[in-house]
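S.K.: output the structure for:
(chains A and B)
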Amino acid sequence: MKNYLIILLPMVSGILFSQNVGIGTISPTEMLEVNGSVAVGTSVYVNPNTYTATPSGFDVLAVDPQSAIVNGKVMKVETLYTPIIIQPYSISNIYRDDLNNLDLQIPSDKYMVAITNFEAVPSTSNSSQPNSGIYSNTTVKGHFVIRTFESGGTWRVNIGYPTLNTQYTSGRYTYNFDVILLSKRFFKVLNESVTTYNLNGDISGDAGTAPSGI
Amino acid sequence: MRDKFYLSLAALFFITTNAQVGIGINTAKPRTDLDVNGSFKSNNIIAGTVDQIGLEEKDRYLLLTQNTSDNSIKKIDPRVAGSPGIATIATYKLTNVGGDWVEQFNTRINTTDFAVVILSAYFDRDLSLGTSGILAMPSFGVRNIGGFWNLYADYSGMSSLTNGTWTFVCAIYPKNYVKLFGERTKSLGNTSSGTEATPILNP
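M.R.: Predicted structure coming up:
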């Protein structure tokens, strides 16, 4: 270990380093080059360089707040453990249109989930009773719900027409959608109580102020 | 400048070596090859090896950002009060709207600094229509009105018998991270498919 501690301090005029300094290297190519690890007790300042090139040309940097020896090891985020995870789902053989509670088994204390890219594909388990879609022969046309909700500490998916149905009980649906998994370590999740507004029967309204902390 | 010069001089007196580990600046017990007990400033940092996030760190790592005013490197942790994330996920619940219609709801989120995207939205009660045989598709989204993002939603041509609730799940992105292009319009010329002539992502 001692062999690596070759310190070159070619000091000119007392204190100012005018030549490159190497720690653990005898041929530093930068003003200070450390052949090993560097720990900094408080802040790190770097004159900014804006990166402008193809999206594949850089890595996003991250920090591990619980790294060994010195907390705060700088690491790079690569394709395995990204801040955003998108999971496509295809849920088939749904009874009529009612996907009431699909437990994604994703803990709601650490993650927020959103669903998007929705597609509904009708089918039937009885070929003499076709599934022609959501059925209503009255003036009541129902309402379509697509949402995620928390129950028992995990995220659930609910998609369907709660008050209407397919014409026949043999109707089946396949629902295709993407689940976007957003970790609360990267995304701020506002409590619904902050963003609920009563429009008092009007068709327009005003929040007054934008949510704070965004 | 002169003050900083003397600070550097003071720090040098604390340069210590430890045969077991490394060089310490302002510390007698360096934990790594070079350990600076204080701040570090540089014009450029070139890291030879930056390990990638692995199984051990995947559930605890935080992203780094650089403060544009003082150039300091900081971690972002949206779980800390008052600290933003790379986006904010907000669930807007608008109750007692005019039937099923929200023409515009001003979130007061400005369009200069933020992009807002609706991830999903739904209405909570039945729509009705005087004549049977006609349905409407739900439409919802955000539009820029006077420099603020406004929510809108409606089952066009239909209404509910009572005033209902629209629930919107929105992603609010600071434009530091998200680029928002202007709207593109295209006519399909009475057909059902089309092709983008100039894709937004140029390789």
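S.K.: verify the contact between residue B:142 and residue B:119 for me.
M.R.: No - applying CB atoms under 8 Å as the test, residue B:142 and residue B:119 come out as separate, 11.4 Å apart. All C-beta spots, glycine's among them, are computed from the backbone N, C-alpha and C.
S.K.: so what sits against both of the two?
M.R.: residue B:170 (CB atoms under 8 Å, 6 or more residues apart in numbering or on different chains).
S.K.: quick one: contacts for the nearest residue to residue B:25 once chain neighbours are set aside?
M.R.: Leaving aside its chain neighbours, residue B:25 sits nearest to residue B:36 (4.7 Å; criterion: CB to CB, 6 or more residues apart in numbering or on different chains). Contact analysis of residue B:36 by CB under 8 Å, 6+ apart lists A:38-41, B:25-27.
S.K.: between those residues, which is nearest residue B:68?
M.R.: residue A:40 (20.3 Å; CB to CB).
S.K.: got a list of what the closest one touches?
M.R.: Residue A:40 makes contacts with B:36, B:38-40, as judged by CB under 8 Å, 6+ apart.
S.K.: just these: which are in strands?
M.R.: Among the contacts of residue A:40, the members found in strands (DSSP state E) are B:36, B:40.
S.K.: in chain B, which spans are strands?
M.R.: Counting by DSSP E, the strands of chain B are B:16-17, B:23-25, B:34-36, B:40-42, B:62-66, B:73-76, B:87-95, B:102-110, B:114-123, B:127-128, B:138-145, B:148-155, B:159-160, B:166-174.
S.K.: spatially central residue in chain B, please.
M.R.: Centroid-nearest residue in chain B: residue B:87, 2.3 Å away (criterion: CA atoms, centre = their mean).
S.K.: just to revisit the earlier point, residue A:75 is nearest to which of the strands of chain B?
M.R.: Closest among the strands of chain B, using CB to CB: strand B:62-66, at 9.5 Å.
S.K.: so is the closest one next to chain A?
M.R.: Yes - on the criterion CB under 8 Å from any CB of the partner chain, strand B:62-66 is in touch with chain A at B:62-64, B:66.
S.K.: let me see the domain layout of chain A.
M.R.: A:1-39, A:43-81, A:84-183 (automatic domain parsing).
S.K.: and the furthest pair within the contacts of residue B:36?
M.R.: Spatial extent of the contacts of residue B:36 (CB to CB) is set by the pair A:38 and B:26 at 13.9 Å.
S.K.: more crowded one of the two?
M.R.: Between residue A:38 and residue B:26, counting by other CB atoms under 10 Å in any protein chain shown, residue A:38 is the more crowded of the two (20 against 16).
S.K.: okay but that one is in contact with residue B:25, surely?
M.R.: No - counting by CB under 8 Å, residue A:38 stays clear of residue B:25, with 10.3 Å between them.
S.K.: now list whatever residues contact both of the two.
M.R.: In contact with both residue A:38 and residue B:25: B:34-36, using CB under 8 Å, 6+ apart.
S.K.: including distance to residue B:102 and pLDDT, could those residues go into a markdown table?
M.R.: A markdown table is the format used below for those (distance: CB to CB, whole Å; pLDDT from 0 to 100):
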| residue | distance to residue B:102 | pLDDT |
| --- | --- | --- |
| B:34 | 59 | 92 |
| B:35 | 58 | 92 |
| B:36 | 55 | 92 |
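S.K.: residues touching stretch B:166-175, excluding its own?
M.R.: A:114, A:147-148, A:211, A:214, B:84, B:86-94, B:97, B:100, B:102, B:109, B:112-124, B:140, B:142, B:151, B:153.
S.K.: just confirm yes or no for the strand or helix carrying residue A:61 near chain B.
M.R.: Applying DSSP states H and E as the criterion places residue A:61 in strand A:60-64. Yes - counting by CB under 8 Å from any CB, chain B has neighbours in strand A:60-64: A:60-64.
S.K.: quick check: buried residues in that strand?
M.R.: A:61-64 (16 or more other CB atoms under 10 Å in any protein chain shown).
S.K.: could I get these as JSON lines with pLDDT?
M.R.: Putting the buried residues of strand A:60-64 into JSON lines (pLDDT from 0 to 100) gives the following:
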{"residue": "A:61", "pLDDT": "89"}
{"residue": "A:62", "pLDDT": "92"}
{"residue": "A:63", "pLDDT": "93"}
{"residue": "A:64", "pLDDT": "94"}
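S.K.: identify the residue of chain B closest to chain A, quick one.
M.R.: residue B:33 (2.9 Å; CB to the nearest CB).
S.K.: low pLDDT regions in chain B?
M.R.: B:1-20, B:130-133, B:201-203 (pLDDT under 70).
S.K.: re the thing from before, which of the contacts of residue B:36 sits closest to residue A:159?
M.R.: residue A:40 (49.8 Å).
S.K.: what are the bridge partners for the closest one, then?
M.R.: residue B:36 (DSSP bridges).
S.K.: also residue B:170?
M.R.: Residues in beta-bridge contact with residue B:170 (DSSP bridges): residue B:90, residue B:118.
S.K.: what about it, neighbour count?
M.R.: 25.
S.K.: kindly report the same for residue A:81.
M.R.: 18.
S.K.: residues in contact with whatever residue of chain A ends up closest to chain B?
M.R.: Across chain A, no residue is closer to chain B than residue A:36, which sits at 2.9 Å (CB to the nearest CB). Residues in contact with residue A:36, defined by CB under 8 Å, 6+ apart, are A:4, A:23-24, B:22, B:32-34.
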